[in-house]
Each structure stands twice: as C-alpha cells, then as structure tokens.
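Undergrad: Everything below, folded, please.
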Amino acid sequence: MEDRRTILKSGLALGLGLRSLDVLHAQAEDPRKARPQEGDRFVFAFGPRQGETIGVDDVPLASEQIICYAMDPASGTVRDGSRLNQVLLLRFDPESLSPETREVSADGVVAYSGICPHTGCDIEDWSEETEFLICSCHESEFDPRDAAEVISGPAPRRLPSLPLRSEGGVLVATGGFSATIRFQKEF
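TA: Predicted structure coming up:
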C-alpha cells in the first residue's frame, strides 16, 4: 500500500511539474504572455491613450487605479497576451504608505496584480471613501497603501505587487511580481 501511495504521489508531482513547464514554455515562446519583468515600462491598457507609456505624472494622486500592461522597451512588445498580466497603478503621498509598500514604490506610485486571488476576477472597482481596491465579484477589499493587504471579503491573500522605480518620470519595473498570480477555482 505504501509503494502505491509513493507511486501516485510521484506521478502527481511529475504531472504538475510538466504542467508548469508547459506554462513556462508558452511564456518563453510568446513574449506577450510573459509576466512583467525587470526593466519593463508600463502602457495604458484601454482608452484614448491605449499603448502609450505611463509616467509618474499620469497616475492621479489618491484616485482610482489605472489598468495597464508591462512593455518590453527593447522590442516594444506589450505583455497583454494573458489577463494574468494586468497591472494596477495607483499613486499616494509616499508618507501615507506602509514601510513595506514605500520600499517598492516610485514617487508614491504602487503597482499590483489586477487579478483577485479569490476566484480570479478582475480588480476594477475603487472606493473613493476608503481608498481601497475592490473586487466586484465577491467584494474583497485590498488596502493599496499597505501592500494590498486584504481588508475584508473572501480573498485568501493580498495582491502580488510589482517593485517600481522612476527613470526620468517614466515608471519602470525593478523585478517581477512578488508572488505567483493564482486564485481558487469556484465550484
């Protein structure tokens, strides 16, 4: 019985490992599906400025998020081949940010995944009153000033962040997401 369990566990681990390799292979083959990485710039995802580079001054202070995608500056490839690449940009007075958040911000601008870790809905809502990000599917609320910590709702964890810097007023990623973009499946 113990040998059968070992074989089943090994087979499951191998299957999961191969699935991970498939995802990585797809990202390597299609740079549009690759997650944001160090050196990427950000571009507007929608609206009249879609595809334009985003600077610090384009992000309004203490206002709703800008939905964007990362762009490889060398090739000009916009990483919009997967909805898991949606990035939210918000700007606050740097003194109002938690120390952890201030460390990964650029001139008060913070960046988070636009995908809710509960069931994978897009984070599109904003509360003017509390200045929290809200998932409209199940009402999870996240505090963008404090590393997108879950304030309320069923989300099991905070939103992954992207570290930023400003180069001549242009926002640049200094690394990838702080955690894997993942969510629970809804049954």
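Undergrad: mind listing the strands for this protein?
TA: 41-44, 66-71, 87-91, 109-113, 125-126, 133-134, 141-143, 149-152, 161-162, 164-167, 170-173 (DSSP state E).
Undergrad: now for the ones you listed, which one comes closest to Asp80?
TA: strand 66-71 (4.5 Å; CB to CB). C-beta coordinates here come from the backbone N, C-alpha and C atoms, glycine included.
Undergrad: Surely Phe132 and Glu141 touch.
TA: Yes: using CB atoms under 8 Å, Phe132 is in contact with Glu141, at 4.5 Å.
Undergrad: and the nearest residue to Asp125 once chain neighbours are set aside, how far is that from Gln65?
TA: Excluding the flanking residues, the one nearest Asp125 by CB to CB, 6 or more residues apart in numbering is Ile134, at 3.9 Å. With distances taken as CB to CB, to the nearest Å, Ile134 is found 10 Å from Gln65.
Undergrad: so what sits against both of the two?
TA: Taking CB atoms under 8 Å, 6 or more residues apart in numbering as the criterion, Ile134 and Gln65 both touch 123, 126.
Undergrad: Next one, pLDDT for Ala28 please.
TA: If you check Ala28, the pLDDT there is 61.
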